[in-house]
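[1] Fold the following and give me the result.
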Amino acid sequence: MRGMSWIPNRWRRRRDAAPGALSRALLEHFPGIALVVDRQGIVLEASVGSEARVGRRCHELDEDPLGGALVRGLAGCVAAGGDWQGEVRCRIGGERRYQLAHIRALPAGAAPRWLVTLCDVDHLVGPARDEHARLRLLEATLGRLPGAVFRLRQTPRGDWRFDYLSAGVEALCGLSPETLSAEPRRWLQRVAAEDREAVEGELARSAIGLTPWHQSFRLSLSDGERWLEARAEARRVAEGETVWEGWWLDATERKRVESRTEALVSTDMLTGVLNRRGFRANGRAVLARAERHHRPVVVAMLDLDHFKALNDTYGHAAGDITLQTFAHICRDCLRPYDLIGRIGGEEFAVMLSDGDPDEAQGIFERLRETVADTELVLGEECLHVTVSLGLALVPPGGDLDEALNRADLALYRAKQAGRNRVVGP
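    This next block holds a predicted model:
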């Protein structure tokens, strides 16, 4: 019949035979805490075994009796009706344990009442919450590190995505973790144009050989240039994807220190020009750039004439002043990007960074004439010095040491021909 429910006869007989048996069983054997409370949370009735653990009000179970989840849940049920369920951390038997709480309004009687049940789920929730707390602590720690931890993934098709980026990446490259997660290649767009090809090449080699990615490169940012150092290990994962796990560090200050140190170890302390080591290192870089553009480069060996006699006659202090004056004249006659180095004693080397070889003869002639026209006043003495020069041409892909040897032979011919002259290649 409509409005009636069918109940098996055996259940009907048991219910009829033992009215309230289920209610008594739940009341006596409920594994958690079951309470009947009024709108203020005052306990009106408690399940067997709960009495000793519950105070006068159910709020006293809550870790925060004034505003905890249980307090808010009951207040919401009283105000809006309906049920409430949630996790609550309760103080039970001197311990703080997580409980699954359920609050439900009971059928209206003489006064409104609510059923509150608490089931212990600390063995399930506690470890997960503790692990989550440790992860939050780890995340906060990583965010405070002077750099950024990352996990970069590359598919066989070359697509990128970041599985993880710590918050420090924003301070490094001005892009948030969320931005880079959405657009993984944005950081590469901020790599200085002259370094971008090298970065992509190094990542490609690392992906092919599963070798570490250790590289320093520059970022072009709105507030200037910044050096970044990448250190990451590469490994292959499922479906042929490559994963790099490592960190980026701000290497700007270290690069500045290295640059200052390099300048010190590459500079002749007397004259301020490059020393032999610095000239060779910078010279090879100039030749590499010239090779990419298929241009020859002119090098010259320069030697002050009769310098030993000047030293013997006027002393080493006079010799030092002469060398310093000569270096100053060279810097004035050459362009800022040309290289000049003191190779030894009174011997210097020059490399023209660019320019037509036919123009080189005129540049060095003007330098020779300027030296010859300079008067050097030493006390009451007024001296004139001259310089001899030998030139050599380095073709694209040529060797610097071999070119310097040819320039030295040309310098020898200039000396043999009477000094104070330029001998070309």
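
[2] Verify the stated contact: Leu281 with Ala263.
    Not Leu; residue 281 is Ala. No - counting by C-beta atoms under 8 Å, Ala263 is not a contact partner of Ala281; they are 11.5 Å apart. Where you see a C-beta, it was placed from the backbone N, CA and C, and this is true even at glycine.

[3] what about those two, which has more around it?
    Ala281 (14 against 11; other C-beta atoms under 10 Å).

[4] Please enumerate residues in contact with the helix or strand encompassing the more buried one?
    Assigned by DSSP states H and E, Ala281 falls within helix 276-292. With contact meaning C-beta atoms under 8 Å, 6 or more residues apart in numbering, helix 276-292 is reached by 262, 265-267, 274, 296-297, 299, 339-344, 349, 351, 353-354, 394, 396-398, 400-401.

[5] Selecting buried members of these in PyMOL, what would you type?
    Buried residues within the contacts of helix 276-292, by 16 or more other C-beta atoms under 10 Å, are selected in PyMOL with:
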select buried, resi 266+267+274+296+297+299+339+340+341+342+343+349+351+353+354+394+398+400
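
[6] now the most centrally placed residue in the chain: how far from Pro184?
    Closest residue to the average C-alpha location of the chain: Trp248 at 2.4 Å, with C-alpha atoms, centre = their mean. Taking C-beta to C-beta, to the nearest Å as the measure, Trp248 falls 14 Å from Pro184.

[7] What of Pro107?
    The value you get for Pro107 to Pro184, if C-beta to C-beta is used, is 59 Å.

[8] Mind checking which of the two has more residues around it?
    Neighbours per residue, other C-beta under 10 Å: of Pro107 and Pro184, the larger number sits with Pro184, 17 against 6.

[9] Any idea how far the host helix or strand of Ala234 is from the middle of the chain?
    When elements are assigned from DSSP H and E, Ala234 belongs to strand 224-236. The chain centroid and the centroid of strand 224-236 are separated by 6 Å under C-alpha atoms, centre = their mean, to the nearest Å.

[10] so what does that strand touch, helix or strand wise?
    helix 169-173, helix 193-209, strand 213-221, strand 242-250, helix 252-266 (3 or more C-beta pairs under 8 Å, 6 or more residues apart in numbering; DSSP states H and E).

[11] The residue nearest to the centre of the chain against Pro146, yeah?
    No - look at Trp248 against Pro146 with C-beta under 8 Å: they stay out of range, at 10.4 Å.

[12] follow-up on the earlier one: give me the common contacts of Ala281 and Ala263.
    By C-beta under 8 Å, 6+ apart, no residue touches both Ala281 and Ala263.

[13] Pop the domain breakdown of this protein in here.
    9-125, 145-256, 267-423 (automatic domain parsing).

[14] hmm, back to that, parallel or antiparallel, which strands does the strand holding Ala234 pair with?
    The strands that strand 224-236 pairs with in its sheet are strand 213-221 (antiparallel), strand 242-250 (antiparallel) (by DSSP bridges).

[15] Now do the last one: everything it contacts.
    With C-beta under 8 Å, 6+ apart as the test, strand 242-250 has contacts from 145-154, 163, 169, 172-173, 203, 206-207, 210, 213, 226-237.

[16] try stretch 390-397
    287, 290-291, 294-301, 357, 360-361, 364, 400, 403-404, 406-414, 422-425.

[17] For the stretch 1-150 of the chain, which segments count as helices?
    Per DSSP state H, counting those that start in this stretch, the stretch 1-150 of the chain has helices spanning 9-17, 21-29, 69-80, 122-144. These are given in chain order.

[18] weakest of the ones you listed by average pLDDT?
    Note on those: lowest mean pLDDT is at helix 9-17, with a mean of 46.

[19] so where's the stretch 51-200 of the chain shaky on pLDDT?
    Applying pLDDT under 70 to the stretch 51-200 of the chain flags residues 51-52, 138, 141-145.

[20] Show the contacting residues for Pro357.
    Going by C-beta under 8 Å, 6+ apart, the list of residues near Pro357 reads 296, 298, 393, 425.

[21] Go through those residues and flag which are in helices.
    Residues from the contacts of Pro357 lying in helices, with DSSP state H as the criterion: none.

[22] most neighbours, which of those?
    Ranking those using other C-beta under 10 Å puts Val298 first, with 27 neighbours.

[23] and that one, bridged to which residues?
    Leu352, Leu393.

[24] quick one: it from Ala167, how far?
    53 Å.

[25] Now find how far off-centre stretch 389-396 is within its chain.
    With C-alpha atoms, centre = their mean, you get 43 Å for stretch 389-396.

[26] Equivalent analysis for stretch 47-63, please.
    Mean-position distance between stretch 47-63 and its chain equals 53 Å (C-alpha atoms, centre = their mean).

[27] how about the CA coordinates for it, as CSV?
    Written as CSV, here are the backbone C-alpha positions of stretch 47-63 (Å, rounded to 0.1, in the frame of the first residue of the first chain):
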residue,chain,number,x,y,z
SER,A,47,26.5,7.1,25.9
VAL,A,48,27.8,4.5,28.3
GLY,A,49,31.5,5.2,28.9
SER,A,50,31.4,8.8,27.7
GLU,A,51,30.4,10.3,31.1
ALA,A,52,34.0,10.2,32.5
ARG,A,53,35.4,11.9,29.4
VAL,A,54,32.9,14.6,28.9
GLY,A,55,32.4,17.7,31.0
ARG,A,56,29.2,19.6,31.5
ARG,A,57,29.2,21.1,28.0
CYS,A,58,30.3,19.3,24.8
HIS,A,59,32.4,22.5,23.9
GLU,A,60,34.9,21.4,26.6
LEU,A,61,36.0,18.6,24.3
ASP,A,62,37.1,21.0,21.6
GLU,A,63,40.8,21.9,21.5
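
[28] got a list of contacts for it?
    With contacts defined as C-beta under 8 Å, 6+ apart, stretch 47-63 is touched by 26-30, 33-35, 37, 40-43, 46, 65, 68-71, 74, 88-93, 96, 99, 116, 118.
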